[in-house]
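S.K.: Using only what follows, build the 3D model:
(chains A and B)
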Number of protein chains: 2
Amino acid sequence: MKKLLNTADSMVEDALKGMAAAHPTLRIRDRVVYRADGPRQGKVGLVSGGGSGHEPLHAGFVGYGMLDAACPGEIFTSPVPDQIIEATRAVDGGAGVLHIVKNYTGDVLNFEMAAELAEDVEVASALVDDDVAVQDSLYTAGRRGTGATLFVEKIAGALAEEGVPLADVADVARAVDERSRSFGIALTSCTTPHAGKPTFALPETDVELGIGIHGEPGRARVPMAPARELAATAMDAVHGDLPLQGDLLVMVNGMGGTPLMELYVVFAEVAAYVKGKGARVSRSLVGNYVTSLDMQGFSVTVCRLDDTLTRLWDAPVDTPGLRW
Amino acid sequence: MKKLLNTADSMVEDALKGMAAAHPTLRIRDRVVYRADGPRQGKVGLVSGGGSGHEPLHAGFVGYGMLDAACPGEIFTSPVPDQIIEATRAVDGGAGVLHIVKNYTGDVLNFEMAAELAEDVEVASALVDDDVAVQDSLYTAGRRGTGATLFVEKIAGALAEEGVPLADVADVARAVDERSRSFGIALTSCTTPHAGKPTFALPETDVELGIGIHGEPGRARVPMAPARELAATAMDAVHGDLPLQGDLLVMVNGMGGTPLMELYVVFAEVAAYVKGKGARVSRSLVGNYVTSLDMQGFSVTVCRLDDTLTRLWDAPVDTPGLRW
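M.R.: Residues are numbered from 1 along each chain as shown, chains lettered A, B, ... in the order given. Okay, here's the model as predicted:
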């Protein structure tokens, strides 16, 4: 294993130092990444978090129009309740706080515990469980939360900036999750710095269909195929669960080690697939956004837009990972 | 080799289809990527290009405040003069066109030929040769052009939007190159789709110091080391050539297969190094911007800013790869 790190133990801390040095709009304290200009009185605060290794998710999405704070855990490990409590209290501007939680057992438990213990703050929670690949998985009861997390954070973040009440921000977050589906395909395993070797063995000839963002097993292992077939496999899974129709927000996401050029090749196939179903790619995103360390591969996430969601997606955002 | 592609022969074309589908602000015609809203009368046009495989460079930097057109060649292969001539004529708004050319023999020759043949358009040229690693290299007489290309395109693009004459845009482009230096380190080789195997052999224990963005040899092969040491090696090379002082624009760039988390670890070390020399990271960029297919590793590029360059760096930009 070759990774750019000092020690496996210090990697999360060292990366956060780099984020702090690179982004004056962030303030990092006690393992929580905050907007330097927060909290804003009367605005609902948005807190998310989860294991590290999925960058830019979540800390890269802290800023105007998205998250108020992110709680990074150790690599592929849930943040502890203390972090979440601290973040929840710090971002409360009197209008309450929304927790955006990917559906992994540890995350769910720790965010729940934090919500209970931060009893002085009104907290609502939105669960993200968009991955259609498998029903239960290594760290998950139900579906895993993956790419749609970015959609939920962006759209709920935009609504929160408009000064609406907590219940409305929570509603839109849940609506985005309900309208979104994802499916991922791995060409290679990720390698965690502590293990120092690939999490799973994948022959040079095969890909893993329905991979999780921690290397959790998917639906099947099949021979490597052209991008057109892989894209169709992913889109068939999405379309089979939530038929593609109308205006769609579509993300082709790299797993961390995937060059942008390959993602554009996949996106061309995904766009053609969508058109073939009579639906429309109305908004899109192509890049490495919800990653799994150095894994090669991609996931596709689709959200059925309506006018409100489109407006909120288009609203200005200013974070290290997403800006317009 | 596992890559997300249909065929090696169609990869550039397929990726461009994906770009066109993802970015309505671009128009792609005859292997040239244009701003959909160009040309603008009275504005100097900016054209760059080079081999594909370095995405988002160059096509991802077409848009307001940066390039008017990019000419992508085949993978690691210069664009042909016809592409460049076509692009040059198409983006001319009557104020002339600046060619931004990375210093590789094929690129230099083909851009020169295009400038001569597009005799109806006033053309100036700015060469980028920022890589301090080696004096001559596989495809280069003199120094290679790498990360500073992004700085040149951004800053010259911002000045062009102000409506100044061609000579001034060319001057600022050359000034940015003169004030910029880069150095790259590879953890792994890239693999071109046609070759199907790594361009060079690099043992699991070693890294290549001074790597080129096509996998050209660097200065030395040394044992893998902690991020702090690798960052210091790169910065020593930069600082030895152009002493760090004053306000700096610093990019820590991934080579295509490098996770963002690792780049932040490196950036923390680079920022500490700069501080140790009594200079200041005034502006920064961390991410995969000037890549080499799936290569793992990083490069660092430093530019000595002044007030004008800082203002132009901060000016609004709206491209797929850089937006603020």
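S.K.: if I read this right, A:Gln143 contacts A:Val132, doesn't it?
M.R.: Not quite, residue A:143 is Arg, not Gln. Yes. The pair A:Arg143 and A:Val132 passes the contact test of C-beta atoms under 8 Å, sitting 7.0 Å apart. Quick note: C-beta positions are derived from backbone N, CA and C, even for glycine.
S.K.: how does chain A divide into domains?
M.R.: When chain A is parsed with automatic domain parsing, its domains come out as A:11-176, A:180-304.
S.K.: so what does the helix ranked longest in chain A touch, helix or strand wise?
M.R.: Looking across chain A with DSSP state H, the single longest helix is helix A:260-276. Applying 3 or more C-beta pairs under 8 Å, 6 or more residues apart in numbering or on different chains; DSSP states H and E, we find helix A:260-276 packed against helix A:227-241, strand A:247-254, strand A:280-287, strand A:297-304, helix B:11-22.
S.K.: May I have that helix as PDB, with CA atoms only?
M.R.: Taking Å, rounded to 0.1, in the frame of the first residue of the first chain, the C-alpha atoms of helix A:260-276 are listed here in PDB:
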ATOM      1  CA  LEU A 260     -12.700  12.300 -14.500                       C
ATOM      2  CA  MET A 261     -12.300  11.300 -18.100                       C
ATOM      3  CA  GLU A 262     -13.800   7.800 -17.400                       C
ATOM      4  CA  LEU A 263     -16.700   9.400 -15.500                       C
ATOM      5  CA  TYR A 264     -17.600  11.500 -18.500                       C
ATOM      6  CA  VAL A 265     -17.600   8.300 -20.600                       C
ATOM      7  CA  VAL A 266     -20.000   6.800 -18.200                       C
ATOM      8  CA  PHE A 267     -22.100   9.900 -18.000                       C
ATOM      9  CA  ALA A 268     -22.600   9.900 -21.800                       C
ATOM     10  CA  GLU A 269     -24.000   6.400 -21.500                       C
ATOM     11  CA  VAL A 270     -26.200   7.300 -18.500                       C
ATOM     12  CA  ALA A 271     -27.600  10.300 -20.400                       C
ATOM     13  CA  ALA A 272     -28.400   8.200 -23.400                       C
ATOM     14  CA  TYR A 273     -30.100   5.600 -21.200                       C
ATOM     15  CA  VAL A 274     -32.300   8.300 -19.600                       C
ATOM     16  CA  LYS A 275     -33.300   9.600 -22.900                       C
ATOM     17  CA  GLY A 276     -34.100   6.100 -24.100                       C
END
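S.K.: in it, what counts as buried?
M.R.: By neighbour count with 16 or more other C-beta atoms under 10 Å in any protein chain shown, helix A:260-276 contains the buried residues A:260-274.
S.K.: ok so, going back, let me have the domains of chain A in JSON lines, adding distance to B:Pro24 and mean pLDDT as columns.
M.R.: Listed next are the domains of chain A as JSON lines, based on distance: least, C-beta to C-beta, whole Å; pLDDT from 0 to 100:
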{"stretch": "domain A:11-176", "distance to B:Pro24": "19", "mean pLDDT": "97"}
{"stretch": "domain A:180-304", "distance to B:Pro24": "9", "mean pLDDT": "97"}
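S.K.: Distance to B:Leu98 for those - can I get that in CSV?
M.R.: Converted to CSV, these look like this (distance: least, C-beta to C-beta, whole Å):
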stretch, distance to B:Leu98
domain A:11-176, 30
domain A:180-304, 25
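S.K.: List just the one of those that sits closest to A:Pro316.
M.R.: Relative to A:Pro316, the nearest member of those by C-beta to C-beta is domain A:11-176, separated by 5.6 Å.
S.K.: That closest one: end-to-end distance?
M.R.: Start-to-end span of domain A:11-176 (C-alpha to C-alpha, to the nearest Å) is 33 Å.
S.K.: starting at the chain centroid, how far to it?
M.R.: How far domain A:11-176 lies from its chain's middle: 10 Å, per C-alpha atoms, centre = their mean, to the nearest Å.
S.K.: repeat for stretch A:196-214
M.R.: Worked out by C-alpha atoms, centre = their mean, stretch A:196-214 lies 20 Å from the chain centre.
S.K.: Equivalent analysis for stretch A:1-18, please.
M.R.: Relative to its parent chain, stretch A:1-18 has a centroid offset of 21 Å by C-alpha atoms, centre = their mean.
S.K.: So the residue in the stretch 151-300 of chain A positioned nearest to chain B versus A:Ser284, what's the distance?
M.R.: The nearest approach of the stretch 151-300 of chain A to chain B comes at A:Tyr264, 3.3 Å away (C-beta to the nearest C-beta). A:Tyr264 is 11 Å from A:Ser284, where distance means C-beta to C-beta, to the nearest Å.
S.K.: So for the two, which residues contact both of them?
M.R.: Overlap of the contact sets of A:Tyr264 and A:Ser284 (by C-beta atoms under 8 Å, 6 or more residues apart in numbering or on different chains) consists of B:Ala22.
S.K.: now check stretch A:51-67, is it near chain B?
M.R.: Yes. Among the residues of stretch A:51-67, A:52-53, A:55-56, A:60 lie within reach of chain B under C-beta under 8 Å from any C-beta of the partner chain.
S.K.: what is the orientation angle of the longest helix of chain A with strand A:297-304?
M.R.: 40 degrees (axes from the mean of the first three to the mean of the last three C-alpha atoms, to 10 degrees).
S.K.: Drop anything exposed from the residues of stretch A:51-67 next to chain B.
M.R.: Buried members of the residues of stretch A:51-67 next to chain B, counted by 16+ other C-beta under 10 Å: A:52-53, A:55-56, A:60.
S.K.: Looking at those residues, which are in strands?
M.R.: Using DSSP state E, the members of those that fall in strands are A:Ser52.
S.K.: Tell me which two of the buried ones among the residues of stretch A:51-67 next to chain B sit farthest apart.
M.R.: Of all pairs in these, the most separated under C-beta to C-beta is A:Gly53 and A:Gly60 at 12.6 Å.
S.K.: near chain B, which residues of the stretch 151-300 of chain A show up?
M.R.: Contact residues (C-beta under 8 Å from any C-beta) of the stretch 151-300 of chain A with chain B: A:187-188, A:204, A:207, A:224, A:226-228, A:230, A:252, A:256-269, A:271, A:281, A:284-286, A:288, A:291, A:293-294, A:296-298.
S.K.: And the helices in the stretch 1-150 of chain A, which stretches?
M.R.: Using DSSP state H, counting those that start in this stretch, the helices of the stretch 1-150 of chain A run over A:11-22, A:81-91, A:105-117, A:148-161.
S.K.: on that earlier part again, among the helices and strands packed on helix A:260-276, pick out the one with the most neighbours on average.
M.R.: strand A:297-304 (a mean of 27; mean count of other C-beta atoms under 10 Å in any protein chain shown).
S.K.: Strand partners (parallel or antiparallel) of that strand?
M.R.: Strand A:297-304 has these partner strands in its sheet, going by DSSP bridges: strand A:180-186 (antiparallel), strand A:247-254 (antiparallel).
S.K.: In TSV: the helices of the stretch 1-150 of chain A, plus distance to B:Leu46.
M.R.: Formatted as TSV, the helices of the stretch 1-150 of chain A follow (distance: least, C-beta to C-beta, whole Å):
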stretch	distance to B:Leu46
helix A:11-22	27
helix A:81-91	42
helix A:105-117	46
helix A:148-161	31
